[in-house]
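K.L.:
Sequence plus the predicted model coming up.
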Amino acid sequence: MAIQKKHGKGRLDKWYKLAKEKGYRARAAFKLIQLNKKYGFLEKSKVVLDLCAAPGSWCQVCAETMPKDSLIIGVDLAPIKPIPKVITFQSDITTEKCRATIRSHLKTWKADCVLHDGAPNVGTAWVQDSYNQAELALHSLKLATEFLIEGGTFVTKVFRSKDYNKLLWVLNQLFTKVEATKPPSSRNVSAEIFVVCRGFKAPKRIDPRLLDPRSVFEDLADPAPNNEAKVYNPEVKKRKREGYEEGDWTQYKEIAASEFIQTTDPIAILGQYNKLTFEQPKNGDVALAALDKLPETTPEIRECCNDLKILGRKDFKLLLKWRLRVREIFGLPTKKAAAAEPLVEVEEEAKVENMDDELRIQEELQRIKEKEVSKKKKERRKDNERKQKEIMRMQMHMTAPMDIGMEQEGPRGDGAMFRLKAINEPDALRRIAKGKMTKVAEEVIGQQDSGIGTSLDTDDDESDDDGDRLERELDAMYDQYKERKAAADVKYRAKKARSEVDDEEWEGVSGSENGNSDDDDDDDDDDDRLEEESDDSDSEAGDIKGPLLKDLDGVPQEGTDLSKRARGFFSQDVFKSIPGLLDVPEEEEEEEEDVDMHNVDQDSGDEDIPSIQEQKKQQKAKKESKAKEDDGDFEVVKTQDSDDDWEEKEKKSKDGRPRIDIITAEAMTLAHQLARGEKTAAELIDEGYNKYAFKDREGLPDWFLDDEAKHDKPHKPITKEAAQAIKEKLRALNARPIKKVAEAKARKKLKQAQKLEKLKKKADLLLEDEGMSEKDKATTISKLLSAAARKKRKPPVKVVKATGANRGIQGRPRGVKGRYKMVDPRMKKEMRALKRIAKRRK
Ligand SMILES: C[S@@+](CC[C@H](N)C(=O)[O-])C[C@H]1O[C@@H](n2cnc3c(N)ncnc32)[C@H](O)[C@@H]1O
């Protein structure tokens with residue numbers, strides 16, 4: 001990462017430039033803008049108090065963002081140039097006078113928001129600077145507690161220093177939500193951060209010590225280093241990311257061993273020091289001399305004392321035991337003695353009890369909570385993974401259903417996953433076919449309270465919020481990418497359209513069931529739709545026969561240009577009165593035959609596709625047979641086979657052969673092999689079971705699946721002949737005019753025919769005229785014909801020079817009508833030069 005310069009031109013960063021551009025008085029404006037973007041406190045505020053407001057960019061932002069007629073008061077030590085809609089005055093926020101002036105401006109009102117971006121004069125020692133900042137923040141908090149409305153927001157700038165935690169503790173006592181954040185516009189090199197405190201508790205009485213810098217920052221002990229951790233768990237070493245401790249600038253420290261014996265906090269010594277020394281100081285230490293001579297001070301103890309930093313848990317224990325033993329010998333109070341004097345101990349403890357302890361306890365609690373939550377998450381995820389694996393194993397016949405708790409009712413029982421009766425959702429079968437097993441199981445089986453516990457994703461929704469959000473963002477980004485690509489890339493559009501058509505084919509059974517003709521076929525939508533439909537399922541339960549018993553006889557199938565779904569839709573009763581909706585009008589047919597443009601299949605002479613007359617015949621025959629059925633008194637029981645028939649019929653031509661258009665070289669190779677008997681159908685089916693066939697795509701995001709789709713299929717060899725056949729097919733297809741051209745040609749033809757008709761009528765009239773001689777009639781008719789054959793001359797294109805008034809203009813030059821072309825002298829010269837060159841080459 002590049003190091004940000006804080007001096008010289010380094011200060012003039014993008015925020016500085018942007019502030020200049022936008023007319024803000026300081027780049028600090030963006031800090032407030034970004035804070036407000038995150039927390040949104042300004043839009044709902046009517047009264048704002050901006051402490052330390054000079055030069056006034058925060059006030060500018062407030063005036064811009066807050067509702068009209070809001071009250072904005074800005075105060076600073078330095079003068080603030082007037083800002084429209086803002087009251088400003090010069091004062092020191094730590095003084096009583098400033099407080100009184102604010103009161104006079106606010107009258108009886110309370111501020112919805114108090115902002116503080118104050119910075120005392122910095123440039124002294126870091127410790128002093130940070131302390132001053134914390135102190136100023138506390139002063140601003142004091143004003144906030146006086147003028148802030150209950151539930152109001154206080155925003156303050158602080159430095160991350162040793163006082164930071166104490167300040168945070170105070171803020172936590174007064175606000176329900178306290179969050180520290182560093183807006184992007186705040187320089188990385190700056191130690192400043194902003195604390196946004198929401199939900200002012202507005203207590204009736206505030207302990208003055210809470211807002212007194214001396215009691216908050218100075219009277220409290222520094223947070224004790226975690227010496228226990230160092231001693232009880234010495235193997236886990238924590239790096240000191242914050243550098244040296246305050247006032248502790250050396251790394252190597254020794255202390256007299258006698259001190260260790262006498263101290264009340266031996267752990268602190270063991271944690272902080274490197275060595276317990278037995279060396280006598282200049283003025284002599286009797287206790288140390290005695291200790292040195294004690295038999296309890298064994299060589300092992302001495303060895304341990306020599307370097308505390310390399311000791312393990314066991315060694316520390318040894319030292320502590322030794323200390324207790326020596327204390328007993330010296331007659332110093334030990335634990336046992338302390339137990340006999342509980343009152344003294346309690347008093348001592350009460351003194352130690354301070355804000356830091358509370359902070360530590362809070363932190364500890366938070367840590368334990370987080371640990372628990374993450375443990376639960378992990379367990380849930382593992383559980384889900386296990387279940388998914390089991391289901392997959394079962395799909396691959398590696399596990400019996402009993403292994404995942406389906407033994408009570410068997411595979412077709414109430415809770416059974418593969419029970420077809422349960423799949424009464426309009427789209428469920430298709431979804432299963434698509435591999436949306438988990439979702440279906442979740443929705444359908446989950447409703448039945450089967451106890452299998454296959455609600456694989458539901459728990460994750462709650463537990464894995466971050467993961468979900470990330471996934472959603474990725475999905476949204478991928479959708480955007482797809483849209484962008486579709487807009488720019490024709491091939492991609494065509495591919496997408498193809499894949500949608502493929503999807504539609506699958507939907508044959510369920511697509512028209514509810515008349516949901518306008519549904520998209522997106523996989524993503526499937527899930528949503530499943531949810532919607534399953535909601536309705538109760539009410540419709542009686543009507544739904546299940547997709548395996550689908551009545552599609554009533555749906556006209558062939559002979560129109562409409563899709564399957566559209567046919568289903570238009571076959572409803574309401575449309576019955578409109579003639580010709582489902583039939584192709586005869587005129588159109590004739591026109592199509594005349595124009596020769598739409599019926600591509602006829603063009604190509606594709607015998608597999610039935611002609612319109614044949615289609616009609618089929619329809620007629622169907623109607624008759626249906627009428628016969630209706631006449632009869634018996635009810636036709638639909639079977640699964642009949643549905644299959646319907647699907648089959650859709651795909652078959654009149655002679656019963658499947659209507660398959662082979663468009664890839666692989667398919668053509670297969671077709672050739674089948675035709676020549678080189679491959680049997682059984683072999684083909686067998687090849688279908690390959691390593692790509694059992695991919696679990698459930699729950700995977702679209703972008704991943706799309707990428708995978710490029711590679712997760714077997715690559716079949718293709719033959720030269722097959723490739724050639726496909727090439728020729730494509731060439732023939734390309735040779736055909738595209739629809740637009742064909743339409744234009746047809747229009748032209750039609751116009752000519754109309755003209756000819758008109759001429760004919762005129763000629764007839766002339767012929768009937770008895771007053772004209774035959775010769776005159778002939779000349780008039782020939783004149784008419786030649787006039788009709790004459791092409792209309794296009795008006796010439798006017799050339800306009802792009803000089804004088806026309807230089808550099810855009811659009812039509814003045815006084816020029818009709819078609820025109822702008823030329824400039826440069827173009828003229830270039831054209832001449834080109835002509836010259838061409839001439840020379842000749
Ligand atoms: C970073 S500037 C504030 C910028 C301001 N938020 C803006 O957007 O323009 C810090 C300001 O705090 C002011 N300040 C420092 N100590 C102050 C005090 N005791 N009372 C009032 N203002 C003080 C300084 O005069 C300085 O103008």
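P.N.:
Cool, the structure landed.

K.L.:
Strands of this structure, start to end?
P.N.:
With strands called from DSSP state E, the chain shows them at 47-51, 71-76, 86-90, 111-116, 148-159, 175-181, 192-200, 254-256, 275-277, 798-801, 820-823.

K.L.:
Of all those strands, which one is nearest the ligand?
P.N.:
strand 71-76 (4.4 Å; CB to the nearest ligand atom). Quick note: C-beta positions are derived from backbone N, CA and C, even for glycine.

K.L.:
And the contacts of the closest one?
P.N.:
Identification of contacts with strand 71-76 by CB atoms under 8 Å, 6 or more residues apart in numbering yields 46-54, 56, 58-59, 62-63, 66, 80, 83, 85-91, 93, 98, 101-102, 105-106, 109, 111.

K.L.:
One more pass at 7 Å, please.
P.N.:
By CB atoms under 7 Å, 6 or more residues apart in numbering, the list of residues contacting strand 71-76 from outside reads 46-54, 56, 59, 62-63, 66, 80, 85-91, 93, 98, 102, 105, 109.

K.L.:
how far away is residue 753 from the ligand?
P.N.:
Applying CB to the nearest ligand atom, to the nearest Å, the value for residue 753 to the ligand is 79 Å.

K.L.:
Could you do residue 736 as well?
P.N.:
Distance, residue 736 to the ligand, by CB to the nearest ligand atom: 69 Å.

K.L.:
try residue 170
P.N.:
Distance from residue 170 to the ligand, by CB to the nearest ligand atom: 19 Å.

K.L.:
follow-up on the earlier one: can you redo the strands of the chain as a markdown table with distance to the ligand, mean pLDDT and mean neighbour count?
P.N.:
Below are the strands of the chain laid out as a markdown table (distance: least, CB to the nearest ligand atom, whole Å; pLDDT from 0 to 100; neighbours: other CB atoms under 10 Å):
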| stretch | distance to the ligand | mean pLDDT | mean neighbour count |
| --- | --- | --- | --- |
| strand 47-51 | 7 | 95 | 27 |
| strand 71-76 | 4 | 94 | 24 |
| strand 86-90 | 8 | 93 | 17 |
| strand 111-116 | 7 | 95 | 27 |
| strand 148-159 | 8 | 93 | 22 |
| strand 175-181 | 16 | 92 | 16 |
| strand 192-200 | 9 | 93 | 19 |
| strand 254-256 | 43 | 87 | 16 |
| strand 275-277 | 47 | 89 | 20 |
| strand 798-801 | 57 | 88 | 14 |
| strand 820-823 | 53 | 87 | 14 |
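
K.L.:
buried stuff in stretch 309-318?
P.N.:
311, 315-316, 318 (16 or more other CB atoms under 10 Å).

K.L.:
cool, stretch 290-306 as well?
P.N.:
Of the residues in stretch 290-306, 291, 297, 301, 304-305 count as buried by neighbour count, 16+ other CB under 10 Å.

K.L.:
Between the two ends of it, how far is it?
P.N.:
18 Å (CA to CA, to the nearest Å).

K.L.:
Run through who's touching that stretch.
P.N.:
Applying CB under 7 Å, 6+ apart, the set of residues contacting stretch 290-306 from outside is 257-258, 261, 275-276, 278, 311, 315, 318-319, 322, 325-326, 329.

K.L.:
which other residues reach stretch 669-684?
P.N.:
Contacts for stretch 669-684 (CB under 7 Å, 6+ apart): 662, 716, 718-719, 721-722.

K.L.:
just checking: which of those also lie near the ligand?
P.N.:
Counting by CB under 6 Å from any ligand atom, the subset of the contacts of stretch 669-684 that neighbours the ligand is empty.

K.L.:
quick one: residue 293 and residue 376, what's the gap?
P.N.:
58 Å (CB to CB, to the nearest Å).

K.L.:
Could you name the helices and strands sitting against the top helix by length along the chain?
P.N.:
Criterion DSSP state H: the longest helix present in the chain is helix 355-395. Packing contacts for helix 355-395, counted by 3 or more CB pairs under 7 Å, 6 or more residues apart in numbering; DSSP states H and E, involve helix 164-174, helix 458-463.

K.L.:
quick revisit: how about CSV for the buried residues of stretch 290-306, with distance to the ligand and pLDDT added?
P.N.:
What follows is those, written out as CSV (distance: CB to the nearest ligand atom, whole Å; pLDDT from 0 to 100):
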residue, distance to the ligand, pLDDT
291, 55, 87
297, 58, 91
301, 56, 91
304, 53, 89
305, 51, 91
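
K.L.:
I'd like to know which of those residues are part of helices.
P.N.:
Using DSSP H, these in helices are 291, 301, 304-305.

K.L.:
Which pair of those residues spans the longest distance?
P.N.:
Greatest spatial distance in those: 291 and 304, 13.9 Å, computed using CB to CB.

K.L.:
any idea of the pLDDT on residue 109?
P.N.:
For residue 109, the pLDDT comes out at 91.

K.L.:
ok, now how distant is it from residue 73?
P.N.:
10 Å.

K.L.:
same check, this time on residue 260
P.N.:
Plainly put, residue 260 is 59 Å away from residue 73 if you go by CB to CB.

K.L.:
export the buried residues of stretch 309-318 to CSV and tack on pLDDT and distance to the ligand?
P.N.:
CSV is the format used below for those (pLDDT from 0 to 100; distance: CB to the nearest ligand atom, whole Å):
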residue, pLDDT, distance to the ligand
311, 82, 49
315, 84, 53
316, 84, 49
318, 86, 55
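
K.L.:
Tell me which of the residues you listed fall in helices.
P.N.:
Filtering the buried residues of stretch 309-318 for helices - DSSP H - leaves 315-316, 318.

K.L.:
re earlier: which one of the buried residues of stretch 309-318 is nearest to residue 200?
P.N.:
Closest to residue 200, out of all of those and judged by CB to CB, is residue 316, at 47.4 Å.

K.L.:
Nearest residue to residue 808 in space, ignoring adjacent ones along the chain?
P.N.:
In space, and not counting its chain neighbours, residue 808 is closest to residue 802: 7.4 Å by CB to CB, 6 or more residues apart in numbering.

K.L.:
What's opposite residue 175 in the beta bridge?
P.N.:
On the basis of DSSP bridges, residue 175 is bridged to residue 200.

K.L.:
if I pick it, what's in contact with it?
P.N.:
154, 197-201.

K.L.:
ok, so what distance separates the residue of the stretch 701-842 of the chain found nearest the ligand from residue 760?
P.N.:
As assessed by CB to the nearest ligand atom, the ligand sits closest to residue 703 within the stretch 701-842 of the chain, at 42.7 Å. Applying CB to CB, one obtains 64 Å for the distance of residue 703 from residue 760.

K.L.:
out of these two, which sits in the more crowded spot?
P.N.:
Neighbours were counted for residue 703 and for residue 760 using other CB atoms under 10 Å; residue 703 has more, 15 against 10.

K.L.:
and residue 137, how far is that from the ligand?
P.N.:
11 Å.

K.L.:
what is the mean pLDDT for the longest helix of the chain?
P.N.:
Mean predicted confidence for helix 355-395 is 77.

K.L.:
by how many degrees do that helix and helix 164-174 diverge?
P.N.:
Interaxial angle of helix 355-395 relative to helix 164-174 (axes from the mean of the first three to the mean of the last three CA atoms, to 10 degrees): 80 degrees.

K.L.:
Around the ligand, pick out the residues from this protein.
P.N.:
25-26, 28-29, 52-58, 76-78, 92-94, 117-120, 136.

K.L.:
Just the buried ones from the residues you listed, in PyMOL syntax?
P.N.:
The buried subset of these, as determined by 16+ other CB under 10 Å, is captured in PyMOL by this line:
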select buried, resi 25+26+28+29+52+53+54+55+56+57+58+76+93+94+117+118+119+120+136
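
K.L.:
How about the contacts made by residue 131?
P.N.:
Here residue 131 is in contact with 163, 217 (criterion: CB under 7 Å, 6+ apart).
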